[in-house]
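Undergrad: I would like the atomic coordinates for the input below:
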Amino acid sequence: QPVKYDIFHMILHSIWYNRVFLARAR
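TA: Alright, predicted model coming up:
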């Protein structure tokens with residue numbers, strides 16, 4: 001069931017993207 005891994009990857013990417021976005025917004 002690679003779907004679970006896909007969701008986990010998506011969440012991880014989301015958090016990383018949010019971090020970068022917030023860091024750049026400052």
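Undergrad: show me the contacts for Ile15.
TA: For Ile15, no residue meets the contact criterion (Cβ atoms under 8 Å, 6 or more residues apart in numbering). C-beta coordinates here come from the backbone N, C-alpha and C atoms, glycine included.
Undergrad: From Leu22, how far out is it?
TA: Ile15 sits 11 Å away from Leu22, taking Cβ to Cβ, to the nearest Å as the criterion.
Undergrad: now swap in Ser14 and tell me
TA: 12 Å.
Undergrad: Could you check the pLDDT of Gln1?
TA: What the model reports for Gln1 is a pLDDT of 71.
Undergrad: May I have the strand or helix carrying Val20 exported as PDB, CA atoms only?
TA: If you go by DSSP states H and E, Val20 is part of helix 2-25. What follows is helix 2-25, C-alpha atoms only, in PDB (Å, rounded to 0.1, in the frame of the first residue of the first chain):
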ATOM      1  CA  PRO A   2       2.200   2.900  -1.300                       C
ATOM      2  CA  VAL A   3      -0.800   5.200  -0.800                       C
ATOM      3  CA  LYS A   4       0.000   5.700   2.900                       C
ATOM      4  CA  TYR A   5       3.600   6.500   2.100                       C
ATOM      5  CA  ASP A   6       2.400   9.000  -0.600                       C
ATOM      6  CA  ILE A   7       0.200  10.800   1.900                       C
ATOM      7  CA  PHE A   8       3.100  10.900   4.400                       C
ATOM      8  CA  HIS A   9       5.400  12.300   1.800                       C
ATOM      9  CA  MET A  10       2.800  14.900   0.800                       C
ATOM     10  CA  ILE A  11       2.400  16.100   4.400                       C
ATOM     11  CA  LEU A  12       6.100  16.200   4.900                       C
ATOM     12  CA  HIS A  13       6.500  18.300   1.700                       C
ATOM     13  CA  SER A  14       3.700  20.600   2.800                       C
ATOM     14  CA  ILE A  15       5.400  21.300   6.200                       C
ATOM     15  CA  TRP A  16       8.800  21.900   4.500                       C
ATOM     16  CA  TYR A  17       7.200  24.200   1.900                       C
ATOM     17  CA  ASN A  18       5.400  26.100   4.700                       C
ATOM     18  CA  ARG A  19       8.700  26.500   6.600                       C
ATOM     19  CA  VAL A  20      10.500  27.900   3.500                       C
ATOM     20  CA  PHE A  21       7.600  30.200   2.700                       C
ATOM     21  CA  LEU A  22       7.400  31.600   6.300                       C
ATOM     22  CA  ALA A  23      11.200  32.000   6.400                       C
ATOM     23  CA  ARG A  24      11.100  34.000   3.100                       C
ATOM     24  CA  ALA A  25       8.100  36.000   4.100                       C
END
